[in-house]
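Chemist: next one to model:
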Amino acid sequence: MTGPKKRILIVDDDPQLRKMLSEYLSEAGFAPMAVGDARGLRDVMAKNRFDLVILDLILPDADGISLVREIREGGNVPIVMLTSKSDEVERIIGLEIGADDYVAKPFSPRELLARIKSIFRRIEAATERAKLTDDYRVKVRFADWELDLTSRCLKRPDGTEVRLTNSEFQLLATFVERPQRVLTRNQLLEFSRTDPEAVFDRTIDYLILKLRRKIEDDPRAPKLIRTEHGAGYVFAPKVTRL
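Modeler: Residues are numbered from 1 along each chain as shown. Below is the predicted model of the structure:
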């Protein structure tokens, strides 16, 4: 890993887990910091900048889902949720409101590390894309929506901006670059720079659900991102470069 070490905040009330993850991530080349509750999270985030947050959804002094929303409202730092295997509803809600990925307890540190690296690869790919287009802005329009692929800004037909997480942007960029084509889940994972071995099978489904909630008039009857049963997904509208 080159350049400054990525700073990772670990938020979990289990001191042994905090110690184990801190040591493991430090050995992997990161700069971890660990706190045990929401108060500690707020205190350190007010004074420090982090490149990623690992957040346990069960904390003694706050609801984890509320914290995901709070972190997301304050910025676009990637979030990996730690959940129990039975918390599927909370995982879905967390992904819908802005978390980038999740790991179900108990988990291996190696699995968590793979997910962290996958998120950073997606971010770096987006940064490289922006550098390649630094001399001019790349904008596209679909169904009266406007997406700036350079600044990662998405605007509704009325001109208001819609905030996208890193994962949502990569997926939407993949769609607008390949409109009106059936794309399988594996293709979407590959094209959006997501490591297929570092995500759950349904990660793409969750991301598409999140995107539909943001860009569809009726997410239950989507017209922009259509499901092709047994095949994958199609981005239906015509895409034009501005």
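Chemist: any idea how the chain splits into domains?
Modeler: In terms of domains, the chain is parsed into 7-107, 125-241 (source: automatic domain parsing).
Chemist: minimum distance to Ala114: which of those domains has it?
Modeler: Ranking the domains of the chain by proximity to Ala114 (Cβ to Cβ) places domain 125-241 first, at 4.1 Å. All C-beta atoms are positioned from the backbone trio N, CA, C, and that covers glycine.
Chemist: determine the number of other residues adjacent to the nearest residue to Arg163 once chain neighbours are set aside.
Modeler: Excluding its sequence neighbours, the residue lying closest to Arg163 (Cβ to Cβ, 6 or more residues apart in numbering) is Asn76, at 7.5 Å. Using other Cβ atoms under 10 Å, Asn76 has 16 neighbouring residues.
Chemist: what about the spatially closest residue to Leu149 that is not a sequence neighbour, how many neighbours?
Modeler: Spatial nearest neighbour of Leu149, excluding adjacent residues (Cβ to Cβ, 6+ apart): Val138 at 4.3 Å. Other residues within reach of Val138, judged by other Cβ under 10 Å, total 16.
Chemist: coming back round to it: and the residue nearest to Arg163, which of the three is it?
Modeler: Here Asn76 is recorded as coil under DSSP: H, G, I helix; E, B strand; the rest coil.
Chemist: show me the contacts for it.
Modeler: Contact analysis of Asn76 by Cβ atoms under 8 Å, 6 or more residues apart in numbering lists Arg163, Thr165, Asn166.
Chemist: filter the residues you listed down to the ones in strands?
Modeler: Among the contacts of Asn76, none falls in strands (DSSP state E).
Chemist: does the residue nearest to Leu149 really touch Arg241, like I thought?
Modeler: Yes: using Cβ atoms under 8 Å, Val138 is in contact with Arg241, at 7.3 Å.
Chemist: next up, the contacts around the residue positioned nearest the centre of the chain.
Modeler: The centre of the chain sits closest to Asp100, judged by Cα atoms, centre = their mean, with a distance of 2.7 Å. Applying Cβ under 8 Å, 6+ apart to Asp100 gives the contacts Pro78, Ile79, Val80, Ile119, Thr165, Asn166, Ser167.
Chemist: which of the residues you listed has the most neighbours?
Modeler: Busiest of the contacts of Asp100 [other Cβ under 10 Å] is Ser167, holding 28 neighbours.
Chemist: thinking again about what came up before, distance of the residue nearest to Leu149 relative to Leu164?
Modeler: Per Cβ to Cβ, to the nearest Å, Val138 is found 16 Å from Leu164.
Chemist: and the residue nearest to Arg163, what pLDDT?
Modeler: According to the prediction, Asn76 has pLDDT 84.
Chemist: how about it, phi and psi?
Modeler: Dihedral pair for Asn76: phi -110, psi 30, per degrees, to the nearest 10.
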